[in-house]
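Peer 1: Here is a sequence together with a model predicted from it:
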Amino acid sequence: MESLFAIENLISLAMLILLQAVLGLDNLLYISIESRRAPLEDQDRVRKLGIGLAIVLRIVLLFVLLRLIELFQEPWIVISDTGIIDGSFNLHSIIILFGGVFIMYTAMKEIWHMMVIEEGQAQDKKPRSITTIIISIVLMNLVFSFDSILGAIALTDVFWIMATAIVIGGLMMIWLSGRVTEFLKKNRMYEVLGLFILLIVGIMLLSEGGDLAHLTILGNEVTAMSKTTFYFVIAVLVLIDIVQSRYQKKLNKELH
């Protein structure tokens, strides 16, 4: 038991918790926005149940990946010599690509709804079923978890360290998700910003999945968007939103 709590294991645990926190930001935003589709009195329960189930499934996924890593890396679909689309798709890349498409579809659907909805219809919009929302949260949580789990495997081979980091990361997400949801409720304009951030998350996942599949389109290779680029784009979007909001308030004061 002493070896389990060796300094190197504790350092690995701290690094993995930090990794879970950094890679979980986009997942946290998705959970906060998705949970708002549930009835108000059920939103907190939906977030906790969805993330709780996802924690259990993440540990199961970690166990499976440790033993069947080759299954996720071996090509399932190979497209070559077409001149239009070429690539070698393994299970990992297929899951990431599916997640990217789904998140982009979700974000664009909500943005379109905001643009075309008539006044008074927002209150009449029926909430989605709790089961559907929980399933969406769990599935997207698993999609987002691939990076953190593979990163964990690269850092350490001690299962309890990886599992502990997943549990702590999930508990942090449960604690933060309610606060992010409350912030979006009180600052409705930032909901639009959140949806566009989700759209960029979808694009990032598509680029990552394409890179994993060595995908080329019309001879152009698809490369993964770096996390640095992703966070830079997010920072620019937030800055634009803040400046736009303050400028709009200034114009409204001048008009009145």
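Peer 2: Received, thanks.

Peer 1: now the helices for this protein?
Peer 2: 7-23, 25-35, 43-73, 91-116, 130-155, 159-186, 189-212, 227-255 (DSSP state H).

Peer 1: Which among those is found nearest to residue 82?
Peer 2: Of all those, helix 189-212 sits nearest to residue 82, with 15.2 Å by Cβ to Cβ. Bear in mind the C-beta positions are built from the backbone N, C-alpha and C, glycine included.

Peer 1: Now do the buried residues in that closest one.
Peer 2: 190-191, 193-212 (16 or more other Cβ atoms under 10 Å).

Peer 1: Next: stretch 176-193.
Peer 2: 176-178, 180-181, 184, 190-191, 193.

Peer 1: Same question for stretch 9-18.
Peer 2: For stretch 9-18, by 16+ other Cβ under 10 Å, it's 9, 12-13, 15-17.

Peer 1: What of stretch 91-107?
Peer 2: Result for stretch 91-107 [16+ other Cβ under 10 Å]: buried residues 92-97, 99-100, 102-104, 106-107.

Peer 1: same deal with stretch 21-33?
Peer 2: Buried-residue list, stretch 21-33, by 16+ other Cβ under 10 Å: 21, 23-33.

Peer 1: With only the CA atoms kept, save it in PDB.
Peer 2: Only the C-alpha atoms of stretch 21-33 are listed here, as PDB (Å, rounded to 0.1, in the frame of the first residue of the first chain):
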ATOM      1  CA  ALA A  21     -10.100  20.300 -15.300                       C
ATOM      2  CA  VAL A  22      -8.600  21.800 -18.500                       C
ATOM      3  CA  LEU A  23     -10.000  19.300 -20.900                       C
ATOM      4  CA  GLY A  24     -13.400  19.400 -19.200                       C
ATOM      5  CA  LEU A  25     -14.200  23.100 -19.800                       C
ATOM      6  CA  ASP A  26     -16.000  22.600 -23.100                       C
ATOM      7  CA  ASN A  27     -17.800  19.600 -21.700                       C
ATOM      8  CA  LEU A  28     -19.000  21.700 -18.700                       C
ATOM      9  CA  LEU A  29     -20.400  24.300 -21.100                       C
ATOM     10  CA  TYR A  30     -22.300  21.600 -23.000                       C
ATOM     11  CA  ILE A  31     -23.800  20.100 -19.800                       C
ATOM     12  CA  SER A  32     -24.900  23.600 -18.500                       C
ATOM     13  CA  ILE A  33     -26.700  24.500 -21.800                       C
END
